[in-house]
Structure formats: structure tokens, C-alpha cells
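# pasting the structure only:
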């Protein structure tokens, strides 16, 4: 399978704990995005990388959230001191920046976070 | 006003009918438009992209874009029960790389 992969698929944690999620994009894709989705809503943008550079962060991304993409390959999203409001599906997507400037993004299966 | 708006539905159509899903957006500078399908508990799956005014067809799906009126629509012909899902409209608002999504329209195809 050469699609976007995410781990873990499910995470249950207690309030105040730190969690880290991993995303492996489609191998030739140089852009990687993180989104968050809550029930009944569309995904909301969190941040994106082109290669290893983090080029944009949403105002939704509080200082408890940090993302990295070392060497421009996989990415990690860490949430420190989790709160119940962080419970959501965390989605990773990737795309290929090309001369045609298409922005088609392909999503991974997501990591469902439950904070108790 | 939300940047991308969709009717939440549910939109109920009989099997074999045409389902019509609509989306409006607020930023006239938007250039790229996408439709994703999302089954319950799953992640969004890209089904159509459209960049120019007019129609774009792919199998049973047709995307329609009207930049002057700032709307994009998705038609599903010969609807099947397996098409029952939430359809998300996504836009690169203002040319940003990030996608802005509507809240989705839930489609129910009745056998």
C-alpha cells in the first residue's frame, strides 16, 4: 500500500498527558498537512510542511501543539498537557507540489484521540 | 459568513436517481475546488477536483464550477446505496495551500 499512513489509529489518554502521532506521506509527495476533525464538522487545518520547512500554522494550533518533519519525510504531531477538548480525529494529508500547481491532497486513515 | 458553506442534509434520493450536492464559497480569489467523500468513521477520500469554470466528468460524477456565482456542485448519476456518505466540499481559499472545508452534506441513497 503506497498511501498515507498514520499511527497509532486510536489513542486514549488521560487529561494532562502528552501524546505523539506519526504520519508517513505518499513517498514522492513533498507537502504534508495536519488537520483536526470533530464530529459533524469538516476537517480544520492545523499546519503544513513543504519538505522539512513548516510553512504555515493555524491559529487553532496552540502552544501545546508542535509538529515536526525531520528530513522532509515522516512527520510527528505532539500534543502536550492534553485537554478533553483535544478529543478529535487527527488527519494527515500529503500532496505533490508540481509545475501544474495542483493542490490535490490525499488523506491518511487518521488517528482518533480520546482524552478522558 | 463561513468561507465554505454546504447544506448539512440529509439529502435523501432513491437508488438510480441523480444526487445534486451544492457548495458556496466566499473568497473570489479561490482557484482550486475539491469534493471528498467520507464514510462514517473513515477519513476523507478525494473524488473530484476542478479548477476551471464549467463541468468536469469522471464516471458517474460530474463537478460543476461557476466562479462568477461562487458555487461548486457535485452531481452523482445513477446513485447507489454505496454512495451513502458525507460529501465534503474543500477550497483553497485565497490561493492558500491549506484546504478549507465545508461541514459536509450527508447523502442517503434509498434502495
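Alright, I've got the coordinates. In this text, all values refer to a predicted model and were calculated from it rather than measured experimentally.
# Could you use CA atoms for every contact and neighbour count after this?
Will do.
# Residue of chain B closest to chain A, please.
Per C-alpha to the nearest C-alpha, residue B:103 is where chain B lies closest to chain A, at 4.4 Å.
# Now do the same for that residue: helix, strand or coil?
coil (DSSP: H, G, I helix; E, B strand; the rest coil).
# wait, doesn't it sit right on residue B:8?
Yes: the pair residue B:103 / residue B:8 is scored as a contact, 6.9 Å apart, by C-alpha atoms under 8 Å.
# Mind checking which of these two has more residues around it?
Each of residue B:103 and residue B:8 has its neighbours counted (other C-alpha atoms under 10 Å in any protein chain shown); residue B:103 has more, 24 against 17.
# pLDDT at the more buried one, what is it?
pLDDT for residue B:103: 97.
# What of residue A:102?
64.
# And residue A:71, by the same measure?
87.
# Same question for residue A:99.
57.
# nearest spatial neighbour of residue B:34, skipping sequence neighbours?
Excluding its sequence neighbours, the residue lying closest to residue B:34 (C-alpha to C-alpha, 6 or more residues apart in numbering or on different chains) is residue B:49, at 4.4 Å.
# Then residue B:42?
residue A:109 (6.6 Å).
# Distance of the one you found relative to residue B:95?
Going from residue A:109 to residue B:95 by C-alpha to C-alpha, to the nearest Å gives 26 Å.
# More neighbours: these two, which one.
More crowded of residue A:109 and residue B:95, by other C-alpha under 10 Å: residue A:109, with 23 against 15.
# Quick one: residues contacting the more buried one.
By C-alpha atoms under 8 Å, 6 or more residues apart in numbering or on different chains, residue A:109 lies in contact with A:4-6, A:9, A:91, B:42-43.
# 7 Å instead, please
Shown in contact with residue A:109 (C-alpha atoms under 7 Å, 6 or more residues apart in numbering or on different chains): A:5-6, B:42-43.
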